[in-house]
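S.K.: Sequence first, predicted coordinates after that:
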Amino acid sequence: MHVREISALLAAHRVFGLLPDVELAALTPQWQHRRVASGEIVLAESEMPVRLGLLVSGGIDLVDQDAAWRLPLEPQELFGAGATVADHDDAQRAVATAPSEVLFLDVETLRELVQRNPRLLPLLPAIPRRPARASPRSAMAQSGNIMTQPIASLVKRAPVSIDRTQSIRVAAQRMAEAKVSSILLTQDGRLSGLVTDRDLRTRALAAGLDASRPVSDIATLAPQTLQTRDSVLDAMVLMARKNIHHVPVLEGDELVGMVTATDVNLYQSPSVVYLTNEIYEQADLAGLVACSARVKDLQGSLAKAGTNAHSTGRIVTSVTDAFTVRLIQLAEEELGPAPVRYAWVAAGSQARMEQSARTDQDNCLVLSDDYRPETHGEYFRGFARRVCDGLHACGYVHCPGEMMAMTDKWRQPLAQWREYFSRWINRPEPMALMLISVFFDQRAVHGDTGLLD
């Protein structure tokens, strides 16, 4: 890699691009360039504290000693130089997952650079005073604190975007040039859509789509977004609930950048985003039950990190939502699509996003007023039974009071629900007050959310 290429790469980097031109010119020749093969150890455990790595292209995973835990990195990301991730700092190495190009800088040069430019320090991996292990307790505490920080603090670079009328080929070329895994689509300067490398593979290449077609043909239009004032926790919960790995960040209507699952996962292990992604990949109940065993570990790691109860509840509930949605999807795969519109509604602690790792379930079904018991009753009875029993198998036990969608009374059309609430409000008897305490906290988890408006 030529010095001019390294200089251009550093100038565009979110950290080193902040350096004055004189500093950047002096730093550029200090980097060592290396090509590595897939499967090759890029930095061994003993090298992690003394060298800083910058992934130029390809893929690298941070892996623990037993390869039981791993964190994928993307191009432009830094690793090493004492960097720690949660409680895995004592047995971490970097392994290439694809043919890759990497730049290395020794830690002494890095220390001197930071002494002259202290504003870089918060943006860099942890730099030890001496090559030594960092405290796992300290790393975990940092992960708890970072959740309250604005998501803007994780934006690495200016947004990479093209107009939505450009071709699929142009989008792929632009992503390759910028070494990014996603690109934003704009229309009249406003965000219009999002395309990821997965979209290119599954919606374009695998489908045999002509690369000259508009990139909007394979895009996720009107994607989920975050505002710069939203927190890292907001990003974690959004990615977990929607099973997405790329989220554009806006300041009002103006594009600021992109955050990825890799960005937020650096501050949490086990990762809620990767756990929910694994949940959505399960093909049957047995697979979901196996995933459910890890929820307790997730909550334990949050406690060790000093995460407050409110944040823990939001994160753990996002996992409950993922189990619920996947069970609904599996039920529909078995029974066929629902004959009328419905909303699967969480009540109680799940609705408030205050759940713990193990709790009972409170849920109901709001059906369209097109529902006819004689025609549609059998479908929704079997549908609700599959989902509620599945949740029970995953550790969210049946409600002792039977406040679940599999109970006929709590699986009703919208008009009946309105009648329920009118009666409870106008005749506040003890039983009505108890029901109000559960069902007045409601949140649509899946289906037609408009039925709750």
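M.R.: Cool, got the structure. A quick note: this is a predicted structure, and the numbers were derived from the prediction, not measured.
S.K.: For residue 241, report the pLDDT, please.
M.R.: If you check residue 241, the pLDDT there is 88.
S.K.: Contact partners for the nearest residue to it once chain neighbours are set aside?
M.R.: Nearest non-adjacent residue to residue 241, counting by CB to CB, 6 or more residues apart in numbering: residue 318, 4.8 Å away. Backbone N, C-alpha and C define where each C-beta goes, glycine included. Each residue near residue 318 by CB atoms under 8 Å, 6 or more residues apart in numbering is listed here: 236-237, 240-241, 272, 276, 353.
S.K.: At which residues are the strands of the stretch 251-400 of the chain located?
M.R.: Assigned by DSSP state E, counting those that start in this stretch, the strands in the stretch 251-400 of the chain fall at 254-260, 342-347, 363-367.
S.K.: Residue 179 versus residue 218, what's the distance?
M.R.: Distance of residue 218 to residue 179, computed by CB to CB, to the nearest Å: 20 Å.
S.K.: Give me the three-state assignment for residue 42.
M.R.: Using DSSP: H, G, I helix; E, B strand; the rest coil, the structure places residue 42 in strand.
S.K.: correct me, but it touches residue 100?
M.R.: Yes - between residue 42 and residue 100 there is a contact under CB atoms under 8 Å: 7.4 Å.
S.K.: tell me, what's touching the two both at once?
M.R.: Contact criterion CB under 8 Å, 6+ apart; residues shared by residue 42 and residue 100: 36, 60.
S.K.: Return the member of the contacts of residue 318 nearest to residue 376.
M.R.: Ranked by distance to residue 376 (CB to CB), the contacts of residue 318 are led by residue 241 at 28.1 Å.
S.K.: Three-state assignment for that closest one, please.
M.R.: Classification of residue 241 using three-state DSSP returns helix.
S.K.: got the contact list for it?
M.R.: Neighbouring residues of residue 241 by CB under 8 Å, 6+ apart: 276, 318, 321-322.
S.K.: ok, it to residue 317 distance?
M.R.: To residue 317, residue 241 is 9 Å away according to CB to CB.
S.K.: next one: residue 26
M.R.: On the measure of CB to CB, residue 26 and residue 317 end up 50 Å apart.
S.K.: Of the two, give the one with the bigger neighbour count.
M.R.: Set residue 26 next to residue 317 and count neighbours by other CB atoms under 10 Å: residue 317 wins out with 25 against 14.
S.K.: pretty sure the more buried one is touching residue 356, no?
M.R.: No - applying CB under 8 Å, one finds residue 317 not in contact with residue 356, separated by 9.2 Å.
S.K.: Check the burial of residue 170 by counting its neighbours.
M.R.: Using other CB under 10 Å, residue 170 has 17 neighbouring residues.
S.K.: who's in contact with the strand or helix carrying it?
M.R.: Remark: residue 170 resides in helix 168-178, with elements defined by DSSP states H and E. Applying CB under 8 Å, 6+ apart, the contact partners of helix 168-178 are 160, 162, 181-183, 195, 197, 200, 204, 209-215, 217-218.
S.K.: Enumerate every residue touching residue 181.
M.R.: Each residue near residue 181 by CB under 8 Å, 6+ apart is listed here: 74-75, 175, 196-197, 246, 260.
S.K.: With residue 386 instead?
M.R.: If a contact means CB under 8 Å, 6+ apart, then residue 386 has 327, 330-331, 334-335 as its contacts.
S.K.: From residue 326, how far out is it?
M.R.: In terms of CB to CB, residue 386 sits 12 Å off from residue 326.
S.K.: now do residue 55
M.R.: Distance from residue 55 to residue 326, by CB to CB: 32 Å.
S.K.: now do residue 436
M.R.: Look at residue 436 and residue 326: by CB to CB, they are 30 Å apart.
S.K.: neighbour-wise, which of the two wins?
M.R.: Neighbour count, other CB under 10 Å: between residue 436 and residue 326, residue 326 has more, with 25 against 15.
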